[in-house]
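Chemist: Just the structure for this:
(chains A and B)
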Amino acid sequence: DVKVTQSSRYLVKRTGEKVFLECVQDMDHENMFWYRQDPGLGLRLIYFSYDVKMKEKGDIPEGYSVSREKKERFSLILESASTNQTSMYLCASSLARATSGNTIYFGEGSWLTVV
Amino acid sequence: QKEVEQDPGPLSVPEGAIVSLNCTYSNSAFQYFMWYRQYSRKGPELLMYTYSSGNKEDGRFTAQVDKSSKYISLFIRDSQPSDSATYLCAMSKGAQKLVFGQGTRLTINP
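Modeler: Numbers count the residues shown, from 1 in each chain, chains lettered A, B, ... in the order given. Model (predicted):
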């Protein structure tokens, strides 16, 4: 089974703090993603990565950065947390090539509250 | 206009009913179509995956894709209380970026 692990399930941080959300996958997937999920807005892509040390902006990258130093690990960084970043954050991974049967697998989610 | 439209519900049906969930989309380049199920405070899990047009059946679940109408459906037969969850449609041109619907919250009443 594909395993995408988000180390922190529930976090409470103060406004202005630097926040790290860590994600590890064990299936040697090339692609990794960070989404946020908000009621009424669905899943929105923040950043994604096709390879080590490579990143591309998604639909809502403002206020976030990412790091991918190893293939299995993809970190989301909130440089200075704000209350409007209170949300559920989902990490995901997939194979690089689209082949029949492969798709994106998600972690359990990290619930972040910024106070 | 959103690329993928999905009625957020909520949808409430009695146990044993047939459930129909739907999404429409505007991008004719989409080739891969997925349905995810998400329980409360959990990550989405892949339920059904379809490439291009046609039907796919897996137990009580059937996924249909009609590319000519840009319309996809998920049918749940003999619905159970354990099927209560949010169902998200998703689609893509490749294995990279998925575009998600808003999700439909479904409740099956015993």
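
Chemist: from here on, contacts and neighbour counts on C-alpha atoms
Modeler: Noted.

Chemist: mind listing what the residue nearest the centre of chain A touches?
Modeler: Among the residues of chain A, the one closest to the centroid is A:Trp34, at 2.5 Å (C-alpha atoms, centre = their mean). Applying C-alpha atoms under 8 Å, 6 or more residues apart in numbering or on different chains, one finds that A:Trp34 lies in contact with A:Leu45, A:Ile46, A:Tyr47, A:Phe48, A:Leu76, A:Tyr89, A:Leu90, A:Cys91, A:Ala92.

Chemist: In this structure the third one contacts A:Gly63, no?
Modeler: No. Judged on C-alpha atoms under 8 Å, A:Tyr47 makes no contact with A:Gly63 at a distance of 11.2 Å.

Chemist: Comparing these two, which residue is more hemmed in?
Modeler: A:Tyr47 (23 against 13; other C-alpha atoms under 10 Å in any protein chain shown).

Chemist: So in terms of bridging, what pairs with that one?
Modeler: Beta-bridge partners for A:Tyr47, by DSSP bridges, are A:Trp34, A:Lys57.

Chemist: Let me know how buried the nearest residue to A:Ile104 once chain neighbours are set aside is, in neighbour terms.
Modeler: Once flanking residues are discounted, A:Ile104 sits nearest to A:Ser94: 4.7 Å by C-alpha to C-alpha, 6 or more residues apart in numbering or on different chains. Counted by other C-alpha under 10 Å, the residues lying close to A:Ser94 total 24.

Chemist: How much space separates A:Ser94 from B:Gln6?
Modeler: As judged by C-alpha to C-alpha, to the nearest Å, A:Ser94 and B:Gln6 stand 24 Å apart.

Chemist: cool, and A:Phe20?
Modeler: From A:Phe20 to B:Gln6 the distance is 32 Å (C-alpha to C-alpha).

Chemist: of those two, who's got more company?
Modeler: A count of neighbours by other C-alpha under 10 Å puts B:Gln6 above the other of A:Phe20 and B:Gln6, at 19 against 14.

Chemist: List the contacts of the more buried one.
Modeler: B:Asn22, B:Cys23, B:Thr24, B:Cys89, B:Gly101, B:Gln102, B:Gly103, B:Thr104.

Chemist: A:Val19 now?
Modeler: Contacts of A:Val19 by C-alpha under 8 Å, 6+ apart are A:Lys13, A:Ile77, A:Leu78, A:Glu79, A:Ser80, A:Ala81.

Chemist: that older thread, can you tell me which of the contacts of A:Trp34 has the most neighbours?
Modeler: Of the contacts of A:Trp34, with other C-alpha under 10 Å as the count, A:Cys91 tops at 31 neighbours.

Chemist: List phi and psi for that residue.
Modeler: Phi and psi for A:Cys91, reported as degrees, to the nearest 10, are phi -100, psi 150.
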